[in-house]
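Participant: Fold the stuff below for me.
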Amino acid sequence: MNNFRELIVWRKSVDLVVTIYEVTKTFPDSEKFNLVSQMQRCGTSIPSNIAEGSGRNSAAYFKQFLLVALGSAYELETQLLISKKLNYVNEEAYSKLVKEITEVQKMLYRLQATL
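Facilitator: Numbering: from 1, shown residues only. Below you'll find the predicted structure:
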């Protein structure tokens, strides 16, 4: 249906995942199998669901996968807030990441509306 590599939202969400991996490297070892793992998995879920949905043969399926990606973006935003409250992420990094996540969320909404 769509070439996911051409979708700006897919590219931005891949960049977001890379940033999440970089930020979570600084988290305490005690979070390795908890918050770090969860943030990396739901971050990775965003571009993965965009890619999988774009390969489906119907707009309805693509829309469903975009909804899953959107849910993962909101989940990631929540985990980022928890990380900030635990002082694992400083205010500057938090603000930058929230801005990136919000941009991806808006793009997912807009893409879904076009289907």
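
Participant: How much space separates L86 from S95?
Facilitator: Relative to S95, L86 is positioned 17 Å away (Cβ to Cβ, to the nearest Å). Backbone N, C-alpha and C define where each C-beta goes, glycine included.

Participant: next one: T44
Facilitator: For T44 relative to S95 (Cβ to Cβ), the value is 22 Å.

Participant: Likewise for S30?
Facilitator: Taking Cβ to Cβ, one finds S30 at 25 Å from S95.

Participant: Those two - which one has more neighbours?
Facilitator: The neighbour comparison of S30 against S95 (other Cβ atoms under 10 Å) goes to S95, with 12 against 9.

Participant: what about the lengthiest helix in the chain, distance to the chain center?
Facilitator: Looking across the chain with DSSP state H, the single longest helix is helix 59-85. Its chain's C-alpha centre and that of helix 59-85 lie 6 Å apart, by Cα atoms, centre = their mean, to the nearest Å.

Participant: What's the first helix or strand after that helix?
Facilitator: helix 91-114 (DSSP states H and E).

Participant: what's in contact with that following helix?
Facilitator: 7-9, 12-13, 15-16, 19-20, 23, 46, 50, 63, 66-67, 69-70, 73-74, 76-77, 80-81, 83-84, 89 (Cβ atoms under 8 Å, 6 or more residues apart in numbering).

Participant: go again using 6 Å as the cut-off
Facilitator: Contact with helix 91-114 is made by 9, 12-13, 16, 23, 63, 66, 69-70, 73, 77, 80, 84, as judged by Cβ atoms under 6 Å, 6 or more residues apart in numbering.

Participant: Buried residues, the longest helix of the chain. List them.
Facilitator: 61-63, 65-66, 68-70, 72-73, 75-77, 79-80, 83-84 (16 or more other Cβ atoms under 10 Å).
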